[in-house]
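*Asks:* Below is the sequence, then the predicted model.
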Amino acid sequence: MEYCSKLFKYEEIFQKKGYDSDQRKIARLEKEKPLLEAFWSWNETVPLIKNSRLDKAVQYAKNRKPYLENYLDDGHCSLSNNLSEQLMKSFATGRKNWLFHDTPQGAESSAIIYSVVETARANGLNIYKYLTFLLMYMPDTDPTDEEEMDWMMPWGEGAIHNCKI
């Protein structure tokens, strides 16, 4: 855990400093590669009890070593797949809920709200505030007024001003 925490800490530092992909690759090779080498060294010497959870974890890591270090070769790659998993979580949760749609209109309504929520999230908005914002302004808005509609879009000035995280 300590090794992983240190790797994530470095990634946080690189992000705060605004490193581009080339700078991130160089910094990873300088700072993180030695840390990974220390981890692999520890991994070879840790005392194991056959078929214990630690034994399984160590074997898992050893079998995937080339893949676990792959991110060092490209500054565009992420250290973990946490972001992908977070983005998929609402979809996986929703998938179970979709079984309960009785009508095409109900399914369409769910698709619309999921689309609004995920678009707001992708634009860095507080979802609750954005939905409240829409419910406050939409009823009085003429849908043919493009300027007003643009103002309420997740990337629009009104939404950003009122709902940005």
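*Replies:* Sure, I can see it. Every value quoted in this text rests on a predicted model; they were computed, and no experiment measured them.
*Asks:* quick one, strands of this structure?
*Replies:* Using DSSP state E, no strands are assigned anywhere in the chain.
*Asks:* So it: which segments form each domain?
*Replies:* Per the record, the chain has its domains at 2-73, 86-163, by automatic domain parsing.
*Asks:* got a markdown table for the ones you listed, with mean neighbour count and distance to Ser80 too?
*Replies:* Every C-beta, even on glycine, is put in place using the N, C-alpha and C of the backbone. Shown next, in a markdown table, are the domains of the chain (neighbours: other C-beta atoms under 10 Å; distance: least, C-beta to C-beta, whole Å):
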| stretch | mean neighbour count | distance to Ser80 |
| --- | --- | --- |
| domain 2-73 | 13 | 8 |
| domain 86-163 | 13 | 11 |
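*Asks:* Check the ones you listed for me: which has the lowest mean pLDDT.
*Replies:* Ranked on mean pLDDT, the bottom entry among the domains of the chain is domain 86-163, at a mean of 87.
*Asks:* Kindly present the domains of the chain as JSON lines, with separate columns for distance to Leu79.
*Replies:* Shown next, in JSON lines, are the domains of the chain (distance: least, C-beta to C-beta, whole Å):
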{"stretch": "domain 2-73", "distance to Leu79": "5"}
{"stretch": "domain 86-163", "distance to Leu79": "14"}
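*Asks:* My read is that Ser90 contacts Glu118, right?
*Replies:* Yes. With contact defined as C-beta atoms under 8 Å, Ser90 and Glu118 form a contacting pair (6.9 Å).
*Asks:* any idea which helix is longest in the protein?
*Replies:* helix 104-122 (DSSP state H).
*Asks:* what's the span of stretch 40-55, first residue to last?
*Replies:* With C-alpha to C-alpha, to the nearest Å as the measure, stretch 40-55 spans 14 Å from end to end.
*Asks:* show me the contacts for Tyr137.
*Replies:* Met152, Gly158 (C-beta atoms under 8 Å, 6 or more residues apart in numbering).
*Asks:* do you know how far it is from Met152?
*Replies:* For Tyr137, the distance to Met152 (C-beta to C-beta, to the nearest Å) stands at 6 Å.
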